[in-house]
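In: Provide a 3D model corresponding to the input given below.
(4 chains)
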2 protein chains.
Amino acid sequence: MTVSRVVNNSRLVSASTRERVERAMESVGYIPNSIARSLVQKRTGVLALLVSDITHTWFTQLGHEVEGAAAAAGYLLVFGNTDENELTEREYAEKLSSLHVDGVLLAPASRESRETIELLQRRGIPVVLIDREVEGVELDIARGESYTPAIELTDHLIAHGHTRLGIVAGPDHVWTAQERVRGFKAALRRRGLPVPRRFVRHAQLTRSGGAEEARKLLASEDPPSAILAGNSYLAAGIVDVARERGLRIPEDLALVTFDDSEGPSEWAFYSCYEQPARAIGAAALRFLLDRLAGDRSGARRAVLRGDVRLRSSCGCLGAAPPQDHRQ
Amino acid sequence: MTVSRVVNNSRLVSASTRERVERAMESVGYIPNSIARSLVQKRTGVLALLVSDITHTWFTQLGHEVEGAAAAAGYLLVFGNTDENELTEREYAEKLSSLHVDGVLLAPASRESRETIELLQRRGIPVVLIDREVEGVELDIARGESYTPAIELTDHLIAHGHTRLGIVAGPDHVWTAQERVRGFKAALRRRGLPVPRRFVRHAQLTRSGGAEEARKLLASEDPPSAILAGNSYLAAGIVDVARERGLRIPEDLALVTFDDSEGPSEWAFYSCYEQPARAIGAAALRFLLDRLAGDRSGARRAVLRGDVRLRSSCGCLGAAPPQDHRQ
DNA sequence: ATGAAAGCGCTAACAC
DNA sequence: GTGTTAGCGCTTTCAT
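Out: All right, here's what the predicted structure looks like:
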């Protein structure tokens, strides 16, 4: 029909016809079926952002940024939550690919997410990685740093006079967790400090996961006096356990962490390295839009630098908050 | 083709044929195009959750719950963020409706979101409301309470001896904000306490929005000695301002709020009424799945009760945390 | 400038 | 059991 012409406002329609058609559409309450359109055009105008934990503010802040930029470019952004799970991730990829989303931003659940990515690519869907590298995959990626900041944070703890240091990082299959552990070990070695195996813990990336490993860390007879946490949720879990055991932070246990928590916390407590979520999201989307516009050049990599914020938990400032009264 | 039969594993295919077809699919790397399938089946297997602020943990926790239950029912959940904005909301509705999502869970941006809803319904897409009522709309809804808890929280502040109370609620067009203000006023009136107009503030639902209105509240010569905050972000903004002005909480300013913040905060500070996000999400999804299964009965309403948690910010327990050192 | 017709990849209905 | 056909709602040629 020529109705299509007016919907897509081709200029090859007379004003009279256009008006006539538009009136008709109004009266019937016509809404174009873009699913049919997609079938023939092979594009949907939908982009997907797959994160590994949607309840983590870091990801939603990144997503918020991406969403705005995507909307400006005429795309709708949908969020998917892989729950740090490779299988869920693959299911999403399958569903999204057969729904023909135009592009995917992926924070890979595992450094073995190659299969997910290949699935998407086989379908011709451009993928841009976020936050985490994937082994053996050469793809556009926007991420922060992990190795260097881990060294800096560890050095800072050492500068505070600590010699028995531990780390509670994310799962071993998560790229950033590995990198942070690598940096932690490198810093200790460089100073000639020991790196006891049992002081390097991998936890689920949740508060309770952090608590669980912190418990193991602090249970030993001569526990670390300072801990590097892989992210703010892990840090919170560590604080929970310190409280359980009557340890004051930073007096009895110093703590530094990755990621600033931008939630409604009433005061800023954690000394941390803040990964620039919004900037990473923006960079990733830019890569994706370029691909969508036909860019076929080699893989690009944006590595964004964040800030170290020194506050109370490491011992730099003030005292610890009073005892918890969480119900 | 009979290929369709094996893909949808109808039992009317011989094992031999099935195997033959499957091998063929393997070798070609065939992935079914569910967009074409949707075109004829008029279902996509996709549900959408439209929230007004994806960076707010309350919504993502709710979403996380919904997602799990949706997956169990064979649906993929996508998240959309309306940014507390009616226009964005309508754009999402248009796009999603023409993409033929099977159902929508909507936390309406405004109590005037009727248009969005009608758009969806005209397309035959079942809608279930979350968290907020919409004027003149009779629809399935799962929400918490606002009026009664607002009374309880206000009464609690009064029990602490306060007589000059203020409220920093969300925008006037948000249903929950209105209800909370209504409860606040009712509680004061019942005790014969004054309700100065300037003590009732409506703010953008962000930390900075809360700070802005708190500033106005505390700038007057005889400011309130206690504040009810509409949610935890507003509460955080109020704390920011209290700190600016050198006011200690709860000694100089008592504070109670809606929503518990489940982030990585290192200690629980806010006295609050916790809306049961996960239960609300679960109830809403159940409604939607019922509709999807063909339920045509009248609108249902689930009103879920939450818990009051009394902690430090109202003066019930402990002292305030030390001064902030946020960089 | 407009109408007609083909076809996107699939499923449903109907033969065989 | 399996092949054939029509048609989902649109865009895109190709005529007119």
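In: Could you use CA atoms for every contact and neighbour count after this?
Out: Fine.
In: Quote the end-to-end distance of stretch A:292-305.
Out: End-to-end distance for stretch A:292-305, by CA to CA, to the nearest Å: 26 Å.
In: What is the burial count for the closest residue to DNA strand D within the stretch 101-250 of chain A?
Out: Going by CA to the nearest atom of the strand, DNA strand D is nearest to A:Asp102 of the stretch 101-250 of chain A, at 15.4 Å. By other CA atoms under 10 Å in any protein chain shown, 22 other residues sit near A:Asp102.
In: can you pull out the strands in the stretch 1-150 of chain A?
Out: In the stretch 1-150 of chain A, the strands defined using DSSP state E, counting those that start in this stretch lie at A:46-51, A:76-81, A:103-106, A:127-130, A:141-144.
In: if we can go back for a sec, show me what contacts the residue of the stretch 101-250 of chain A closest to DNA strand D?
Out: A:Asp102 is in contact with A:43-47, A:125-126, A:292, counting by CA atoms under 8 Å, 6 or more residues apart in numbering or on different chains.
In: Please enumerate the helices of chain A.
Out: A:3-7, A:15-28, A:34-41, A:57-72, A:86-98, A:114-122, A:147-159, A:175-190, A:207-219, A:232-244, A:277-292 (DSSP state H).
In: most packed of those helices?
Out: helix A:232-244 (a mean of 24; mean count of other CA atoms under 10 Å in any protein chain shown).
In: now the angle from that one to helix A:57-72?
Out: 160 degrees (axes from the mean of the first three to the mean of the last three CA atoms, to 10 degrees).
In: Going by contacts, tell me the helices and strands next to helix A:232-244.
Out: Helices and strands touching helix A:232-244, by 3 or more CA pairs under 8 Å, 6 or more residues apart in numbering or on different chains; DSSP states H and E, are helix A:207-219, strand A:254-258.
In: Any chance of JSON lines for these, columns distance to A:Pro108 and mean pLDDT?
Out: Output for those, formatted as JSON lines (distance: least, CA to CA, whole Å; pLDDT from 0 to 100):
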{"stretch": "helix A:207-219", "distance to A:Pro108": "20", "mean pLDDT": "97"}
{"stretch": "strand A:254-258", "distance to A:Pro108": "18", "mean pLDDT": "98"}
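In: closest to chain B out of these?
Out: helix A:207-219 (7.2 Å; CA to the nearest CA).
In: now that closest one, how far from the chain's geometric center?
Out: On the basis of CA atoms, centre = their mean, to the nearest Å, helix A:207-219 sits 23 Å off its chain's mean C-alpha point.
In: try stretch A:246-266
Out: Using CA atoms, centre = their mean, the offset of stretch A:246-266 from its chain centre is 20 Å.
In: Contact partners for the residue of the stretch 51-200 of chain A found nearest DNA strand C?
Out: Nearest residue of the stretch 51-200 of chain A to DNA strand C (CA to the nearest atom of the strand) works out as A:Ser98 at 8.3 Å. Residues in contact with A:Ser98 (CA under 8 Å, 6+ apart) are B:31-35.
In: Can you tell me which one of these sits lowest on pLDDT?
Out: Within the set of the contacts of A:Ser98, pLDDT is lowest for B:Ile31 (74).
In: related to what we said a few turns ago, most neighbours out of the contacts of A:Asp102, which is it?
Out: With neighbours set by other CA under 10 Å, the maximum within the contacts of A:Asp102 is found at A:Leu47, which has 25 neighbours.
In: just checking, A:Val51 touches A:Thr82?
Out: Yes - A:Val51 is within contact range of A:Thr82, at 6.0 Å (criterion: CA atoms under 8 Å).
In: Who has more neighbours out of those two?
Out: Between A:Val51 and A:Thr82, A:Val51 has the larger neighbour count (other CA under 10 Å), namely 26 against 23.
In: In contact with the more buried one, which residues?
Out: A:59, A:79-83, A:106-109.
In: cutoff 6 Å now
Out: Shown in contact with A:Val51 (CA atoms under 6 Å, 6 or more residues apart in numbering or on different chains): A:81, A:107.
In: which residues does it form a beta bridge with?
Out: Following DSSP bridges, A:Val51 is listed with bridge partners A:Asn81.
In: Could you dump the strands of the stretch 1-150 of chain A into CSV and include distance to B:Glu91 and mean pLDDT?
Out: Below are these laid out as CSV (distance: least, CA to CA, whole Å; pLDDT from 0 to 100):
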stretch, distance to B:Glu91, mean pLDDT
strand A:46-51, 13, 95
strand A:76-81, 9, 92
strand A:103-106, 20, 97
strand A:127-130, 25, 98
strand A:141-144, 28, 98
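In: Export these to JSON lines and append columns for distance to B:Asp259.
Out: Below are those laid out as JSON lines (distance: least, CA to CA, whole Å):
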{"stretch": "strand A:46-51", "distance to B:Asp259": "25"}
{"stretch": "strand A:76-81", "distance to B:Asp259": "23"}
{"stretch": "strand A:103-106", "distance to B:Asp259": "31"}
{"stretch": "strand A:127-130", "distance to B:Asp259": "31"}
{"stretch": "strand A:141-144", "distance to B:Asp259": "32"}
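In: closest to A:Phe199 out of the ones you listed?
Out: strand A:141-144 (25.0 Å; CA to CA).
In: What are the contacting residues of that closest one?
Out: A:128-131, A:275, A:280, A:284, A:301-305.
In: Now the buried members of these.
Out: The neighbour count (16 or more other CA atoms under 10 Å in any protein chain shown) marks A:128-131, A:275, A:280, A:284, A:301-302, A:304-305 as buried among those.
In: Run through who's touching the worst-scoring helix or strand of chain A on mean pLDDT.
Out: Least confident helix or strand of chain A, by mean pLDDT, DSSP states H and E, is helix A:3-7 with a mean of 78. Helix A:3-7 is contacted by residues A:Arg18 when judged by CA under 6 Å, 6+ apart.
In: go on, stretch A:18-26?
Out: Identification of contacts with stretch A:18-26 by CA under 6 Å, 6+ apart yields A:Val6.
In: Smallest gap between the stretch 201-327 of chain A and DNA strand C, at which residue?
Out: Proximity of the stretch 201-327 of chain A to DNA strand C (CA to the nearest atom of the strand) peaks at A:Leu292, 18.9 Å away.
In: Could you check how far that residue is from A:Gly209?
Out: Counting by CA to CA, the gap from A:Leu292 to A:Gly209 is 39 Å.
In: Look up the residues forming beta bridges with A:Ala302.
Out: A:Ala302 has these beta-bridge partners by DSSP bridges: A:Ala142.
In: Return the distance of the residue of the stretch 201-327 of chain A closest to DNA strand C relative to chain B.
Out: 19 Å (CA to the nearest CA, to the nearest Å).
In: What ranges in chain A fall below the confidence cut-off?
Out: A:1-2, A:11, A:318-327 (pLDDT under 70).
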